[in-house]
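Enquirer: A predicted structure for the sequence below; I have some questions about it.
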Amino acid sequence: MEPICKQVKVRVPATSANLGSGFDTVGLALDYHDELTFTMCADPSNRAAQVLIHGEGEDTLPRDETHLVVSTFRRACQTFGLGRFGFILEARNNIPQARGMGSSAEAIVAGIAAAAAFAHDDELDRDPVFELAAAIEGHPDNVAPAVYGGMTASWNLDTAEGVGSIPIPGGEPLHSGFHTVKYRVDPQIHASVFVPDYELSTEEAREALPGAVTYRDAVFNVSRVALMAAAMNPGALASASDPNALLFTATQDKLHQPYRKNLMHPSWDLIQALRSRGYAAAVSGAGPCVLVLHYGDAATSIEQVVSEQLASGHWKVLHLPVDTQGVQIERK
């Protein structure tokens, strides 16, 4: 099958996973984006990829077929029935690399969404984009909000060997694999993301986790993540006397952050400083970025709490709304 257009532009939001209590489950899309343009080569005999990078990663990311966007795009083209063709990828990157803001999820979602846009001329079907992205990433918590926007809760449905799906009377069967649900987020909820000048690999952060946790700690996190949807929801917050207190409680965690704090002392110190003043601070993804959720305009007061850290020059802060749309495509 030949591509239906000559150029596709893709816009993918940054994401923050876990939100404290929702380890490997909850993710949030942020209004901070990478923008990528895929342009077919005029020469049909040229089947190579040329990569141009501006912004984050321009000095470190590969510029050949090993680039994560390119390799994902190639795989997705095969999935959607497209033949191999040459193209120029121009990436304008804002999302920091290896900081816990979903840069790898963004790359994967961008490659798949672009392939889908080249293959089909209708509105982007997000479900197959999510399914393939989650399979490539290996876990769905960052790719889900990047695809759908808003806040998402995701899971991997396990079925008995050889079954493959669970029949639902009167409805579509639930297939094994990754699934997600998008939750509404109150427009008054904003995120402040503190970005440090050091990196942390997800693999290293994973290795710091224990093989088992106590029953008490598991119940602690279950109660907090159960509160998360209400703490972010317009209907629930309308009757809440203190929305920020709900956010503070919902972001409490005993499953992953305490075990990773020794890998990111500056981030942990920042979180402790903010939480001691009642702000809902947590590690963003695997870190080392720090996410602060707040209801209403609290940017100035949050900066005042950690003014010493900001003055050190080792941190920058991004005050961001929640992205509600997820990945966007434009064909030309």
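Expert: Sure, I can see it.
Enquirer: Quick check: next helix or strand after whatever helix or strand Arg224 lives in?
Expert: Per DSSP states H and E, Arg224 falls inside helix 215-232. Where DSSP H and E defines the elements, the next helix or strand beyond helix 215-232 is helix 234-238.
Enquirer: Only the buried residues of the helix or strand following that following helix, if you could.
Expert: Next along the chain after helix 234-238, taking DSSP H and E as the criterion, comes helix 243-250. By 16 or more other Cβ atoms under 10 Å, the buried positions in helix 243-250 come out as 243-244, 246-250. The C-beta positions use only the backbone N, C-alpha and C, and glycine is treated the same way.
Enquirer: Give the other helices and strands that the helix or strand of the chain with the lowest mean pLDDT contacts.
Expert: Here the helix or strand of the chain ranked lowest by mean pLDDT, DSSP states H and E is strand 165-166, holding a mean of 80. Under the contact criterion of 3 or more Cβ pairs under 8 Å, 6 or more residues apart in numbering; DSSP states H and E, strand 165-166 touches strand 174-175.
Enquirer: that older thread, how far off centre is the least confident helix or strand of the chain?
Expert: Offset of strand 165-166 from its chain centre (Cα atoms, centre = their mean, to the nearest Å): 28 Å.
Enquirer: same question, stretch 12-21
Expert: Centroid displacement of stretch 12-21 relative to its chain, using Cα atoms, centre = their mean, is 5 Å.
Enquirer: Tabulate the CA atom coordinates of that stretch in PDB.
Expert: What follows is stretch 12-21, C-alpha atoms only, in PDB (Å, rounded to 0.1, in the frame of the first residue of the first chain):
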ATOM      1  CA  VAL A  12       2.600  14.800  21.100                       C
ATOM      2  CA  PRO A  13       2.300  16.000  24.700                       C
ATOM      3  CA  ALA A  14       4.700  15.300  27.600                       C
ATOM      4  CA  THR A  15       3.400  13.000  30.200                       C
ATOM      5  CA  SER A  16       3.900  12.300  33.900                       C
ATOM      6  CA  ALA A  17       3.300   8.800  35.200                       C
ATOM      7  CA  ASN A  18       2.500   7.400  38.600                       C
ATOM      8  CA  LEU A  19       1.400  10.700  40.200                       C
ATOM      9  CA  GLY A  20       2.700   9.300  43.500                       C
ATOM     10  CA  SER A  21       0.300   6.500  44.400                       C
END
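Enquirer: Name the residues that touch the least confident helix or strand of the chain?
Expert: Identification of contacts with strand 165-166 by Cβ atoms under 8 Å, 6 or more residues apart in numbering yields 157, 159, 173-176.
Enquirer: Over to stretch 299-307?
Expert: 190, 192, 194, 270, 273-274, 277, 279, 292, 294, 310, 315, 317, 319.
Enquirer: Using ChimeraX, make a named selection holding only the buried ones among those.
Expert: In ChimeraX syntax, the buried subset of these is picked out as below (16+ other Cβ under 10 Å):
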select :190,192,194,270,273,274,279,292,294,310,315,317,319
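Enquirer: biggest separation within the contacts of stretch 299-307, which pair?
Expert: Spatially, the most separated pair among the contacts of stretch 299-307 is His190 and Ala273, at 19.1 Å (Cβ to Cβ).
Enquirer: Could you export the contacts of stretch 299-307 as a markdown table, including secondary structure, pLDDT and distance to Asn142?
Expert: Formatted as a markdown table, those follow (DSSP: H, G, I helix; E, B strand; the rest coil; pLDDT from 0 to 100; distance: Cβ to Cβ, whole Å):
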| residue | secondary structure | pLDDT | distance to Asn142 |
| --- | --- | --- | --- |
| His190 | strand | 97 | 20 |
| Ser192 | strand | 98 | 19 |
| Phe194 | strand | 98 | 18 |
| Leu270 | helix | 98 | 21 |
| Ala273 | helix | 97 | 26 |
| Leu274 | helix | 98 | 23 |
| Arg277 | coil | 97 | 28 |
| Tyr279 | coil | 98 | 23 |
| Val292 | strand | 98 | 19 |
| His294 | strand | 97 | 22 |
| Leu310 | helix | 95 | 26 |
| Trp315 | strand | 97 | 22 |
| Val317 | strand | 98 | 21 |
| His319 | strand | 98 | 21 |
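Enquirer: pLDDT of the helix or strand containing Ala110, averaged?
Expert: Here Ala110, judged by DSSP H and E, is contained in helix 103-119. Taken as a whole, helix 103-119 has a mean pLDDT of 98.
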